[in-house]
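> for reference, the sequence and a predicted model appear below.
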Amino acid sequence: MPEQITIPLHIIILAAGEGTRMISALPKILQPLGGRPMLSHLLETARNLGPAGIHIVIGSQSEEVIAAFADEDDLNWIHQAERLGTGHAVQQALPTIPQNSQVLILYGDHPLVPQQDLESLITSAAQLSLLTMVPESPHGYGRILREANDRVSGIVEQKDASPEQLQITEVNTGILVAGSNLLTELILQVNNNNAQQEYYLTDIFGIAHKQDIEIDAVIAVDAADLQGANDRRQLAILERRYQYHQANRLMDAGALLIDPARLDIRGNVAVGRDVCIDINVVLEGTVVLGDSAHIGAGAILKNVSIGPGTRIEAHSVMEDAVVGANCNIGPFARVRPGTVLADEVKIGNFVEIKKSTVAKGSKASHLSYIGDAEVGAGVNIGAGTITCNYDGVNKHQTVIEDGAFIGSDTQLVAPVRVGKNATVGAGSTITRDVPPESLAVSRSRQTTLKNWKRPVKNSD
């Protein structure tokens, strides 16, 4: 049996458009989609195809684009000084691609093209293959021309199409695959005799047809995934499409979404079984939600791990934190970076906690600030308690040992330690360590004046 020859795949991404219709100082391919640059989504899909090289054609603001991907060293950037059409852009990239390679052409402003469609296109047996689609409206797209035997004979752009051709519903996505040698030959034959006086990449199909070169057309599974973004409205449509896919992925993994259309995912989210996510939740960065975790309405979670059975109540904000099992957070709690909560901890409404560890079963139920603290197990922190951790220059630590009880409206002036099973009376300002098993009270003695007469307002 003869040895199978593997042809290396090279991917060209056309991304030189200015994006003037975005009305933005940010380059079009850097516009955010799902919390990261639009181009990064396409690069993720491209890398999954295992290419030998990825070549990106860029134009204006090229320095800003390159800087946004400075940590990614597998990208070959090609500057297109003059934008003379898609054919001209491809021509700039071809000299960097080895002969006898397979070339896949993608577009930087079409970030959600499915890997499945591209794999079908790459494995096509034809010398030249293109990806087509049948959208709800073909307006604005180049129409696919076919002969009576259904063979592709060419593509006509919207502005150059006749009234009869405008009735065609199958349109071009611009995505194609061809051998590098053939593509180079065809590109050299493209001219700019058209309404825009540009070198259209699509013209290679008509040229190939005249030379009796076989052309294959692979129809995309869902045209909604092949949409591009030239303005803010189209970008918003893409955002909802992206979120639709993310929501489906979570539901397939066993999550209950109260309303999949009112969830925003801007990172990588992993869920266990029976996770419940209420409306208007935002999940950013890396988020892990354990079995039966509940995320209340309006909560914002960024780079957090939530243990099984934990409830994050409505409108809580959490960032860079680890939360154990069967905890209760919020509503309206703020959990800041560096916080680690053990199992069965309660951080209640209007409690802020930062860079602190809290051991099992401890609770701060409402209206407190805990910063730079180490809280033991079974601790009760009363309402209005503040760890005074900042002296104007440096941060200092507060240590509250197991079983301590901190009365309401207490100020713990760090550095300070409250010993095991100690009690701090309400309204105290603690500036010195409290020994274990003791009571610390720091407040003025109450004075009561009998027969007190309230002031009376003057009549004049």
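Happy to help now that I have it.

> so the spatially most central residue of the chain bridges to which residues?
Nearest to the mean C-alpha position of the chain, counting by CA atoms, centre = their mean, stands Arg266 at 2.5 Å. For Arg266, the beta-bridge partners are Glu284 (DSSP bridges).

> pLDDT at it, what is it?
As predicted, Arg266 sits at a pLDDT of 97.

> thought it was touching Leu283?
Yes - using CB atoms under 8 Å, Arg266 makes contact with Leu283 at a distance of 6.9 Å. Glycine gets a C-beta too; all of them are placed from N, C-alpha and C.

> now Ile29: phi and psi?
phi -70, psi -10 (degrees, to the nearest 10).

> same thing with Thr123?
The phi/psi pair for Thr123 (degrees, to the nearest 10) is phi -90, psi 0.

> let me see the contact set for the residue nearest to the centre of the chain.
By CB atoms under 8 Å, 6 or more residues apart in numbering, the residues touching Arg266 are Gly34, Gly35, Arg36, Val282, Leu283, Glu284, Gly285.

> of the residues you listed, buried ones?
For these, a burial check counting by 16 or more other CB atoms under 10 Å picks out Gly34, Gly35, Val282, Leu283, Glu284.

> quick one, helices of the stretch 151-300 of the chain?
Secondary structure of the stretch 151-300 of the chain (DSSP state H, counting those that start in this stretch): helices located at 180-187, 203-210, 232-252.

> next one: the stretch 1-150 of the chain
Using DSSP H, counting those that start in this stretch, helices in the stretch 1-150 of the chain cover 38-48, 62-68, 86-93, 115-122.

> pLDDT of the second one, averaged?
Model confidence over helix 62-68 averages 95 on the pLDDT scale.

> now stretch 119-130
Here the average pLDDT along stretch 119-130 is 90.

> ok, residues contacting that stretch?
For stretch 119-130, using CB under 8 Å, 6+ apart, the contacting residues are 9, 49, 102, 104, 131, 152, 155, 172-173, 175-179, 182, 186, 204-205, 208, 213-218.

> the closest residue to Thr202 other than its chain neighbours and Pro32, how far apart?
Nearest non-adjacent residue to Thr202, counting by CB to CB, 6 or more residues apart in numbering: Ile155, 4.1 Å away. Note on Ile155: its distance to Pro32, by CB to CB, to the nearest Å, is 32 Å.

> now do Ala236
11 Å.

> these two touch, right, Gly142 and Ile155?
Yes - in this structure, Gly142 is within contact of Ile155 by CB under 8 Å, at 4.6 Å.

> using the record's domain definitions, break this protein down for me.
9-226, 246-440 (automatic domain parsing).

> could I get those in TSV, plus columns for distance to Asn451?
Shown next, in TSV, are the domains of the chain (distance: least, CB to CB, whole Å):
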stretch	distance to Asn451
domain 9-226	67
domain 246-440	26
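
> could you say which of those domains is packed most deeply?
Most buried of the domains of the chain, by mean neighbour count (mean count of other CB atoms under 10 Å): domain 246-440, with a mean of 19.

> and that domain, how far apart are its ends?
By CA to CA, to the nearest Å, the extent of domain 246-440 from end to end equals 53 Å.

> let the chain start at 170 from now.
Fine by me, first position is 170 from now on; the one you just mentioned is domain 415-609.

> any weak-confidence spans in the stretch 170-319 of the chain?
Residues of the stretch 170-319 of the chain that meet the criterion pLDDT under 70 lie in 170-174.

> residue boundaries of the strands in it?
178-184, 201-202, 205-206, 222-227, 244-248, 271-276, 297-302, 312-315 (DSSP state E, counting those that start in this stretch).

> Gly547: which of the ones you listed is closest?
Of all the strands of the stretch 170-319 of the chain, it is strand 205-206 that lies closest to Gly547, at 42.2 Å by CB to CB.

> how close does Val451 sit to Ser209?
19 Å.

> do Leu426 as well
25 Å.

> please report the distance of the nearest residue to Leu352 once chain neighbours are set aside from Gly459.
Nearest residue to Leu352, sequence neighbours excluded (CB to CB, 6+ apart): Val272, at 5.4 Å. Separation of Val272 from Gly459 (CB to CB) stands at 45 Å.

> do the same with Gly545
The value you get for Gly545 to Gly459, if CB to CB is used, is 24 Å.

> on that earlier part again, make CSV from the strands of the stretch 170-319 of the chain and add distance to Gly561 to it.
CSV is the format used below for the strands of the stretch 170-319 of the chain (distance: least, CB to CB, whole Å):
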stretch, distance to Gly561
strand 178-184, 49
strand 201-202, 38
strand 205-206, 38
strand 222-227, 48
strand 244-248, 47
strand 271-276, 54
strand 297-302, 62
strand 312-315, 70
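
> nearest to His484, out of those strands?
Going by CB to CB, the one of these nearest His484 is strand 201-202, 23.3 Å.

> show residues contacting that closest one.
Counting by CB under 8 Å, 6+ apart, Met207, His210, Pro280, Ala398, Leu404, Leu407, Glu408, Tyr411 sit against strand 201-202.
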